[in-house]
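Asks: sequence-free structure coming up:
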């Protein structure tokens with residue numbers, strides 16, 4: 001267990017070195033400490049297991065365990081290496097430590113942070129007193145308190161993290177080579193990622209097995225005392241009318257044991273005609289008061305879910321933005337499984353509620369949430385909330401873009417968690433006409449309570465409050481009402497919804513698979529490695545995922561079993577608590593007849609590569625689906641011959657039909673019909689299907705020169721005409737010259753959709769525009785919008801070209817805070833300079849020295865810096881001075 005390293009009281013005098021993970025965190029903490037504190041960043045992990053053979057030291061390269069990076073036969077001793085990009089970082093820290101009288105390790109308070117502190121201690125080997133300081137928010141009070149209340153490194157947490165890292169390495173590096181041999185080179189397996197893939201694949205299989213059912217309902221549009229309302233058909237001749245929930249998705253039939261009436265179009269239409277002129281009477285009215293409790297404050301998993309639902313952020317993006325907010329001192333630590341609020345936070349929330357919403361929204365007593373709410377919860381500090389003892393209003397933070405949106409979400413959720421209940425009134429009325437009974441329901445909000453601040457899944461609480469209200473007129477038993485209109489409604493049952501990032505996180509958390517703090521990287525990994533792709537917000541498995549999941553489920557069952565994976569997490573928690581020896585646990589998992597190493601070795605011989613690479617889809621028995629070197633393809637037999645056809649990557653397994661497959665096969669057998677002859681080349685034009693979707697081809701497959709152009713998204717290949725094909729083949733087409741740089745602007749279609757490009761700068765064409773409708777004016781408008789690249793932030797400000805170095809200078813918000821960028825050179829903003837107050841002149845001045853240092857010749861650096869300084873001074877001087885060089889010379893001579 002961790003021990004106190006220093007009691008509360010004065011800290012020794014002298015120079016203190018404080019080490020944190022990131023420059024932004026260092027910059028924020030620096031503001032709260034005196035001049036005798038040096039705050040430096042280690043830039044994350046300083047040591048790790050080898051990532052490639054280049055990282056392995058020569059003395060152990062010939063060892064059979066070297067590639068694994070773990071000596072499994074010697075107490076699972078890990079081989080730690082310092083990455084090349086961390087050598088300078090370590091040297092800088094050692095240099096700073098030479099002048100220090102005390103070392104504070106101030107990395108994050110979770111297992112990952114504890115591990116980083118331990119690695120720092122191992123690498124730096126400090127000879128001065130070393131203390132571990134922990135805090136869950138970066139405020140002056142929290143930092144000062146953590147300095148007085150330090151402790152030693154918690155070796156249970158370190159061992160738990162080390163065991164997790166080694167376990168992940170053992171599973172990944174033992175199973176992945178099996179996939180390379182049996183399926184395709186480059187595939188990967190992981191302790192958590194493979195289970196996540198299995199969940200997504202199993203959901204896709206449910207969709208494949210699903211049988212659609214069609215049924216009808218009947219809606220009555222009624223009127224009472226001039227007020228209109230709706231009612232739904234409930235029973236006919238005292239027999240309940242079937243709805244979607246009454247059908248079995250596997251058979252398409254009604255669930256067994258239910259005596260229900262299934263309406264078809266004819267019956268529904270007949271009822272509508274009959275009831276239009278019938279007498280309607282209210283037979284029953286029930287009013288019921290309902291209270292709703294507010295949601296608990298955010299923990300890591302619920303923040304990811306709501307950021308995905310409300311803001312459209314991926315789990316990875318949400319955690320990156322939250323990290324920035326934490327490091328800048330806006331929120332508490334974002335990796336937590338605890339829903340509890342400190343007394344200071346409760347006080348701050350209650351004060352803000354009264355100020356923002358009024359006393360009516362404040363409950364008599366504070367709401368207390370239990371600390372841990374999820375299976376195998378860890379890192380039990382506070383929830384994710386605004387930092388400090390006074391919660392800063394979102395509008396007063398100065399934040400912009402995603403950071404403002406996420407902070408606003410956290411602020412509102414925290415406020416709502418301490419507000420009064422929502423009070424509603426639900427009204428249910430039954431109405432009879434002829435031999436039928438209809439049901440009408442209404443809801444009125446008596447008092448919104450916490451819903452005034454936060455509605456789960458809704459962007460606008462005010463708008464959502466209005467949509468939640470469904471008012472009925474005053475109804476009493478035996479009242480007569482009038483039928484204005486009867487409307488039969490056609491319905492069909494829907495297959496199980498595919499996972500979104502939000503619902504996948506929710507399921508993984510519920511099952512105890514992995515840790516909420518790792519979900520973002522897990523989902524990012526399965527998308528990056530081609531197991532899953534995004535279709536809108538849905539996560540769709542590829543055929544590669546289907547094949548790999550089949551192999552693992554059949555031959556290495558326990559390693560993709562939910563229960564087994566959850567037990568692994570529980571064991572790692574026990575190691576963190578000091579209740580389980582980590583070496584004994586790893587031995588039980590890896591060694592022995594039933595261990596990982598033996599299981600993989602024994603099963604390898606049972607796996608036939610040809611069988612491993614193919615799957616069958618239910619309902620498509622005439623076809624085999626394979627994964628090959630160039631992607632997925634379908635195989636079928638015609639007579640005595642077998643034919644293969646590529647399946648576009650955009651095709652989801654559950655959406656494949658016999659009709660779509662037959663089109664691909666027919667095209668393969670007969671070849672595509674030519675649309676016509678290209679007037680310029682006299683070559684034939686075809687519309688074909690490939691791995692990346694449909695495309696237009698100019699020329700035959702055996703021609704020396706073939707041109708292929710991708711069809712724009714949403715275009716039906718069967719609808720492509722000869723004239724359209726000529727337009728598509730003309731892509732990318734020139735739109736004209738960019739007046740800003742004189743370079744040609746072109747419009748085309750690529751793998752990721754339609755685009756415009758100028759001098760290597762690509763911009764996506766919006767969905768409401770087409771590539772054929774693009775012109776120079778529209779293209780220039782797109783280039784005028786700050787670029788939002790894949791994983792890159794848009795520039796906050798553009799300052800133009802540096803006067804001395806002829807390179808564009810821009811302001812960005814990156815993972816370590818706001819910074820200036822000019823070409824490949826970056827400079828962070830100094831204390832007192834912010835995105836709001838930085839000027840063009842200051843930006844050029846800050847970039848000047850760095851750009852001069854980056855000059856090609858070191859001999860020219862001093863001269864270059866001097867010339868650059870003069871150029872900056874000239875460019876940023878008042879106009880009357882800049883335009884009067886002769887006068888400036890005279891002044892200079894006088895100084896001499």
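Replies: Yes, it's here. Treat the numbers as computed from the prediction; the structure is a model and nothing was measured. Numbers count the residues shown, from 1 in each chain.

Asks: can you give me how far the longest helix along the chain is from the chain middle?
Replies: Assignment by DSSP state H gives helix 155-182 as the longest helix of the chain. Remark: helix 155-182 is offset 24 Å from the chain centroid, using Cα atoms, centre = their mean, to the nearest Å.

Asks: after it, next one along is what?
Replies: Next along the chain after helix 155-182, taking DSSP states H and E as the criterion, comes helix 193-209.

Asks: Against which helices or strands is that next one packed?
Replies: With contacts defined as 3 or more Cβ pairs under 8 Å, 6 or more residues apart in numbering; DSSP states H and E, the packing partners of helix 193-209 are helix 501-511, helix 516-528, strand 538-541, helix 543-555. All C-beta atoms are positioned from the backbone trio N, CA, C, and that covers glycine.

Asks: Residue 516 contacts residue 335, doesn't it?
Replies: Yes. Residue 516 lies in contact with residue 335 (Cβ atoms under 8 Å); the separation is 7.4 Å.

Asks: shared neighbours, these two?
Replies: residue 300 (Cβ atoms under 8 Å, 6 or more residues apart in numbering).

Asks: and residue 749, what are its bridge partners?
Replies: Note on residue 749: beta-bridge partners residue 754, judged by DSSP bridges.

Asks: re the thing from before, helices and strands around the longest helix of the chain, which ones?
Replies: In terms of contacts (3+ Cβ pairs under 8 Å, 6+ apart), helix 155-182 is packed against strand 70-71, strand 77-78, helix 111-124, helix 543-555, helix 562-576, helix 582-590, helix 596-604, helix 609-612.

Asks: Also compute the angle for it relative to helix 111-124, please.
Replies: If you take axes from the mean of the first three to the mean of the last three Cα atoms, to 10 degrees, helix 155-182 sits at 100 degrees to helix 111-124.

Asks: average pLDDT for helix 155-182?
Replies: For helix 155-182, the mean per-residue pLDDT is 93.

Asks: Might you list the low-confidence residue ranges for the stretch 601-750 of the chain?
Replies: Residues of the stretch 601-750 of the chain meeting the criterion pLDDT under 70: 670-671.

Asks: Where do the strands of it begin and end?
Replies: Per DSSP state E, counting those that start in this stretch, the stretch 601-750 of the chain carries strands over the ranges 614-615, 624-628, 631-638, 641-646, 676-677, 684-690, 693-698, 707-710, 733-737, 744-750.

Asks: Switch those over to TSV; also include mean neighbour count.
Replies: Formatted as TSV, these follow (neighbours: other Cβ atoms under 10 Å):
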stretch	mean neighbour count
strand 614-615	18
strand 624-628	19
strand 631-638	18
strand 641-646	14
strand 676-677	12
strand 684-690	20
strand 693-698	20
strand 707-710	17
strand 733-737	14
strand 744-750	20
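
Asks: So which of the ones you listed is nearest residue 96?
Replies: Of all the strands of the stretch 601-750 of the chain, strand 744-750 sits nearest to residue 96, with 47.6 Å by Cβ to Cβ.

Asks: Which neighbouring elements make contact with the closest one?
Replies: Secondary-structure packing of strand 744-750 (3+ Cβ pairs under 8 Å, 6+ apart): strand 707-710, strand 733-737, strand 753-758, helix 776-783.
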